[in-house]
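Asks: Make a model of this:
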Amino acid sequence: MGESMQAQRKQMHLTMNPLVVALAFAPGAFAAEPVALPEIQVKAEKLQSLPSLTHSSLDESDLTRLRTQTSDTAKMLDGLPGVSLFGAGGVSSLPVIHGMNDDRVRVKVDGMDLISACPNHMNSPLSYIDPTNVGSVNVFAGITPVSVGGDSIGGTILVDSAAPEFARAGEGTLTKGQAGAFYRSNGNAKGGNLSATIAGENLGVTYNGSTAESGDYKAAKAFKPAGPAARDRGWLAGDVVGSSRYKSENQSLGFAMRNDNHVVDLKFGWQNIPYEGFPNQRMDMLGNTAHQANLRYTGRFDWGDLEARAYHETVKHYMDFGNDKQFAYGPNPPSTIVAPGMPMYTDGKTTGALVKANLLLSERDILRMGGEAQRYRLNDWWPPSPSSLAGMVSGMPPAPATWGGMAPNTFWNINNGQRDRLGLFAEWEARWNPQWLTLLGARAEQVKMDTGPVQGYNTMMAGYSVSANAFNARSRQRTDNNLDLSALARYSQDATRTFEFGYALKTRSPNLYERYSWSQNGMALEMNNFVGDGNGYLGNPDLKPEQAHTLSATADWHDADRAREFKATPYYTYVSNYIDAIRCTGSGMMMNALCGGAANNTATNKFVDLQFANQSARLYGVDISGHMPLARADGWGEFTFSGVLNYVNGKNQTTGDNLYNIMPLNTRLAVAQKIGSWDNSVELQLVDAKSSVSNIRQEVKTGGYGLLNLHSSYEWKQARFDVGMENALNKFYSMPLGGAYVGQGMTMGFNSVPWGITVPGMGRSIYAGMTVKF
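Replies: Numbers count the residues shown, from 1 in each chain. A predicted model of the protein is given here:
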């Protein structure tokens, strides 16, 4: 908030216009809502306040370019300060902020807190919105305001579709739409999208639909031997990344109604993913169907604004072995008794509500306050395989080793899992004078968790019977009372220099799988893994919430018009009760039957069984970003330069080990040209070698690399054409956060797939896309 904010607040005080007053509050509350008159829209843009210099976003030109380049919404964030990506499926990457990913980052899609209903976290929150439907992206790293935080320690990501639109007064009916298609050479990826809106001055309807699909992608060179993907699967070339294909379909229908300064919108969403392979998981997603209903009210009053939201999502998720992973298990060659796959089902239901108000107390003070609630239910069960033991010797089922032990009962991984959140927050922003601004906030949350009794496939194997009996005999209900605090101060020395510093306390409770995955059977352990390292994981009902203490400062030097900008943000975070991992072993007479046995404690250069455990950790790093004009010349247009550099270091303070999946030093440098209707860019991405790896997880080191990316777009009337080349020099590299390659072969056998192969990045890919507005 620069010096102009004081004058803008005076304007609010003098005019007493409730629409202007309402728009002075929390970022994102109404920023993307083009429903008012043109004069009000202009004032809304001027009055938007950003509570932290570590906030970053994507503008419309960035979003338009990225929609052609990727079908993975999370990848749209790659290149923002402090952000990297943890590899997963083709539409399901997980964003990482300052070395912390997945549930440590709060991700909201259209205001909904979505939860991954999968033991491998395949259906990540951002997979529920297609890039072509993204209207705005906001990332809060470092000191996250409590008004956008909660149940997270890494940061907050807000991704929203376009806000509802209405016809301008006196202009009749608004009708508009957009259609697009794309093609990418690597993986033979293709897709299309369509959107249409019809609206009057007070009522509107909008439809969005998209589809995207791809085959397995290729690395720049062979990284493993060519041959059959598995004994019962087809041929896979040495440079083909197995289990990387996908198909995704998304549709939404939105209704909106406006009355003066009040807007109600209701959106229904539907997703179908018939298949999505995961090269760093032992299973693939062979079905994910989600239905969403999202109701929102926004009202603007003389005293400020009010927002209320209620949403509900149901997810039906199915996993088994995809086309590149062995399907039938049993003797080789197979006899009549085999395990035909390993079906795994998950049903998730999420219901949430939010109410928040923004109050302009005076020219100096703004108060934000609100409450939210979330109810989550999860069932995760694995039917027997084979589904029937009929045909076997009457009354005498075969030895478990004959059929893998996956019968005759249904395995209950999570039975009626419950995770309920209730939170309240208050945040005070004060502009003391033209130079100083402060932001103080507090959030209190209660998280209640519980689950029902479980059972294994049978009672003959200790990993099922002993584990289930011990789990069922203990109390499983847990209640966490969590606290978040934030304190931030900003000093604007003049129109070109701004400095900011602050402290944040952030708390996250464990997820259901961290607390309640229970079986010590080796096969069940390896199926509970959402970090992509190929290892097996056992839950821990006694886990405590993680609590992160973060200190951060930002120096921002810029022109008055921000044509030139250089920003640096160093940070330090200490996490108590950090949820890391320890080696998992059985005890007493069952030592060699549970959790890989005693040998698991000292195993190296192989996949291992682990258990979640509270320890302590520290992370520190720096984000550097900037941009500047380079030149302007007749016939050549305008040239600009931009760059981002990120560095993070993570250490387990309890064991001295390195934290898992920490992105090494990396930078992106780009030169862009704009001339007439043409936009062209050349980008260089440089990544250092990853030599600091997690020993407890047997993490594999990766080498450094550099990638060259080219992009060009042309706009003509209502049409836009995009072309480009990713990894133009076809450089081979291993993704530092890609995880272990288990994308083919006998993946249900714990160490029956090679250890030590990392998932490689994509080789050269040429893409083209066209978008037409009507």
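
Asks: and G405, what pLDDT?
Replies: Listed pLDDT for G405 reads 74.

Asks: Then R282?
Replies: In this prediction, R282 carries a pLDDT score of 97.

Asks: Give me the neighbour count for the residue nearest to it when sequence neighbours are not counted.
Replies: Distances taken as Cβ to Cβ, 6 or more residues apart in numbering place T747 nearest to R282, at 4.0 Å, with adjacent residues excluded. (Glycine included, C-beta is placed from N, CA and C.) A count of nearby residues for T747, using other Cβ atoms under 10 Å, gives 26.

Asks: mind listing what T747 touches?
Replies: R282, M283, F321, K325, Q326, V753 (Cβ atoms under 8 Å, 6 or more residues apart in numbering).

Asks: Please identify which of these is nearest to W382.
Replies: For these, the residue nearest W382 by Cβ to Cβ is M283; the value is 10.4 Å.

Asks: hey, where'd the strands end up in the stretch 51-200 of the chain?
Replies: 55-58, 83-86, 94-97, 100-101, 105-109, 112-113, 136-141, 155-160, 174-184, 189-199 (DSSP state E, counting those that start in this stretch).

Asks: Could you spell out the sheet neighbours of the second one, each with its direction?
Replies: Same thing as strand 83-86. Partners of strand 83-86 in the sheet, by DSSP bridges, are strand 94-97 (antiparallel).

Asks: The last one too?
Replies: Strand pairing for strand 189-199, using DSSP bridges, gives strand 174-184 (antiparallel), strand 203-214 (antiparallel).

Asks: Please identify which of the ones you listed is closest to A670.
Replies: That would be strand 174-184 among the strands paired with strand 189-199, by Cβ to Cβ, at 20.2 Å.

Asks: in the sheet, who's paired with the most centrally placed residue in the chain?
Replies: Nearest to the mean C-alpha position of the chain, by Cα atoms, centre = their mean, lies L94 at 3.9 Å. Note on L94: beta-bridge partners F86, judged by DSSP bridges.

Asks: about what we covered before: return the most buried member of the strands paired with strand 189-199.
Replies: Most buried of the strands paired with strand 189-199, by mean neighbour count (mean count of other Cβ atoms under 10 Å): strand 203-214, with a mean of 20.

Asks: Give me the average confidence score over that strand.
Replies: For strand 203-214, the mean confidence score works out to 98.

Asks: residues making contact with the following helix or strand past that strand?
Replies: Heading C-terminal from strand 203-214, the first helix or strand you meet, by DSSP states H and E, is strand 227-228. Strand 227-228 is contacted from outside by G234, W235, L236, using Cβ under 8 Å, 6+ apart.

Asks: check contacts around the second one.
Replies: Under the criterion of Cβ under 8 Å, 6+ apart, the contact list for W235 reads A226, G227, P228, A229.

Asks: Which of those residues has the largest number of neighbours?
Replies: In those, the most neighbours by other Cβ under 10 Å go to A229, 22 neighbours.

Asks: so who does it touch?
Replies: W235, L236, G242, N323, D324, K325, Q744, G745.

Asks: Taking the residues you listed together, which two end up most distant?
Replies: Pairwise distances across those peak at 14.4 Å for W235 and K325 (criterion: Cβ to Cβ).

Asks: so which of the contacts of T747 comes closest to I582?
Replies: R282 (21.4 Å).

Asks: Quick check: the closest one vs A339, distance?
Replies: Separation of R282 from A339 (Cβ to Cβ, to the nearest Å) stands at 14 Å.

Asks: higher neighbour count, the two?
Replies: Between R282 and A339, counting by other Cβ under 10 Å, R282 is the more crowded of the two (28 against 20).

Asks: circling back: now, which of the contacts of strand 227-228 lie within strands?
Replies: W235, L236 (DSSP state E).

Asks: any idea of the pLDDT on Y733?
Replies: 98.

Asks: Just give the nearest non-adjacent residue to it, would you?
Replies: Y705 (3.7 Å).

Asks: Quick check: that neighbour vs L359, distance?
Replies: On the measure of Cβ to Cβ, Y705 and L359 end up 51 Å apart.

Asks: Which of those two has more residues huddled nearby?
Replies: Legend: neighbour count by other Cβ under 10 Å for Y705 and L359, higher for Y705 (20 against 16).

Asks: if we can go back for a sec, so which of the contacts of A229 belong to strands?
Replies: Going by DSSP E, the strands hold W235, L236 from the contacts of A229.

Asks: Just send the contacts of A229 back as a markdown table, with pLDDT and distance to R476 too.
Replies: Shown next, in a markdown table, are the contacts of A229 (pLDDT from 0 to 100; distance: Cβ to Cβ, whole Å):
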| residue | pLDDT | distance to R476 |
| --- | --- | --- |
| W235 | 97 | 47 |
| L236 | 98 | 43 |
| G242 | 98 | 38 |
| N323 | 96 | 38 |
| D324 | 98 | 37 |
| K325 | 97 | 33 |
| Q744 | 98 | 37 |
| G745 | 96 | 36 |
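
Asks: Would you show me how to pick out the buried ones of the contacts of A229 in ChimeraX?
Replies: Listed next is the ChimeraX selection for buried residues among those, using 16 or more other Cβ atoms under 10 Å:
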select :236,242,323,324,325,744,745
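
Asks: tell me the contacts of I129?
Replies: I129 makes contacts with T73, V109, D110, V159, S161, N250, as judged by Cβ under 8 Å, 6+ apart.

Asks: which SS state does the closest residue to H291 other than its chain neighbours fall under?
Replies: In this structure, H291 finds its nearest non-sequential neighbour in T314, 5.2 Å apart by Cβ to Cβ, 6+ apart. Three-state call for T314 (DSSP: H, G, I helix; E, B strand; the rest coil): strand.

Asks: ok, back up a step: in a markdown table: the contacts of strand 227-228, plus distance to D657.
Replies: Converted to a markdown table, these look like this (distance: Cβ to Cβ, whole Å):
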| residue | distance to D657 |
| --- | --- |
| G234 | 40 |
| W235 | 40 |
| L236 | 34 |
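
Asks: for the contacts of strand 227-228, which one is nearest N101?
Replies: Lowest distance from N101 to the contacts of strand 227-228 (Cβ to Cβ) belongs to L236, with 28.9 Å.

Asks: Setting the sequence-adjacent residues aside, check what's closest to that closest one.
Replies: A229 (4.1 Å).
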